[in-house]
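Colleague: Only the shape, not the letters, is given here:
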């Protein structure tokens, strides 16, 4: 069977078993984080970052899973931030929004993970210079080892805007000049252990 009309138009990517399994898992664990742990990230969301074949990680980063451009909710996230100056109320509204239907359709998400870094972060500079890193997610008896190309995202980039809008809901004090890096997995070079089986949408 050939690609669907949506795939031919670039609205929906062609099936890729490892990518699709990862997105399903990420949606599941992030919804759990919102519903059961008040949005607190854990090892399923905070991968270890490895440079090349280093045995020890450079550190850990909190990743954001963003909606693909055709499904973006960035305006809604920005509106939530603008509605109130009360950080507790803003966080509560964000958790309510993100724990409802937000993560229920994995195919609506991009596989470009993002993370924020303080202005002038030495860690961000090291990662940028490496150009390629491994992100290792290891939680809930599931491991994904993703080999990723690193991108420095400009402020006008939709994933930069979505990342800042998401993070401001939980940390309104994000400084100007915060850096956003994108991590684009090479699925052919990435692995999962165990490899999750296919699940219908």
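Modeller: Nice, I can see it. Everything numeric in this text was worked out from a predicted model, so none of it was measured.
Colleague: When you work out contacts or count neighbours from here on, use the C-alpha atoms and nothing else.
Modeller: OK.
Colleague: So in the chain, which helix runs the longest?
Modeller: Across the chain, the longest stretch assigned as helix under DSSP state H is helix 17-36.
Colleague: Now do the buried residues in the lengthiest strand in the chain.
Modeller: Counting by DSSP state E, the longest strand found in the chain is strand 142-152. Buried residues in strand 142-152, counted by 16 or more other Cα atoms under 10 Å: 143, 144, 145, 146, 147, 148, 149, 150, 151, 152.
Colleague: For residue 77, state which of those is nearest.
Modeller: residue 152 (22.2 Å; Cα to Cα).
Colleague: Name the residues linked to that closest one by a beta bridge.
Modeller: With DSSP bridges applied, residue 152 shows beta-bridge pairing to residue 181.
Colleague: wouldn't it be in contact with residue 183 here?
Modeller: No - the pair residue 152 / residue 183 is not scored as a contact, 9.1 Å apart, by Cα atoms under 8 Å.
Colleague: if we can go back for a sec, export the buried residues of strand 142-152 as a markdown table, with columns for distance to residue 77.
Modeller: Listed next are the buried residues of strand 142-152 as a markdown table, based on distance: Cα to Cα, whole Å:
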| residue | distance to residue 77 |
| --- | --- |
| 143 | 30 |
| 144 | 29 |
| 145 | 30 |
| 146 | 28 |
| 147 | 30 |
| 148 | 27 |
| 149 | 27 |
| 150 | 25 |
| 151 | 23 |
| 152 | 22 |
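Colleague: From the structure, what's the count of residues near residue 46?
Modeller: 20 (other Cα atoms under 10 Å).
Colleague: start at 5 instead
Modeller: Happy to do that; since the first residue is 5 now, the last one works out to residue 50.
Colleague: any idea how far it is from residue 84?
Modeller: 25 Å (Cα to Cα, to the nearest Å).
Colleague: same question, residue 31
Modeller: 21 Å.
Colleague: low pLDDT regions in the protein?
Modeller: 5-19, 201-205 (pLDDT under 70).
Colleague: need the helices for the protein, in chain order.
Modeller: Along the chain, counting by DSSP H, helices occupy 9-12, 21-40, 78-87, 91-103, 126-134, 162-174.
Colleague: Show me what the fourth one is packed against.
Modeller: Pointing back at helix 91-103 there. helix 21-40, helix 78-87, helix 162-174 (3 or more Cα pairs under 8 Å, 6 or more residues apart in numbering; DSSP states H and E).
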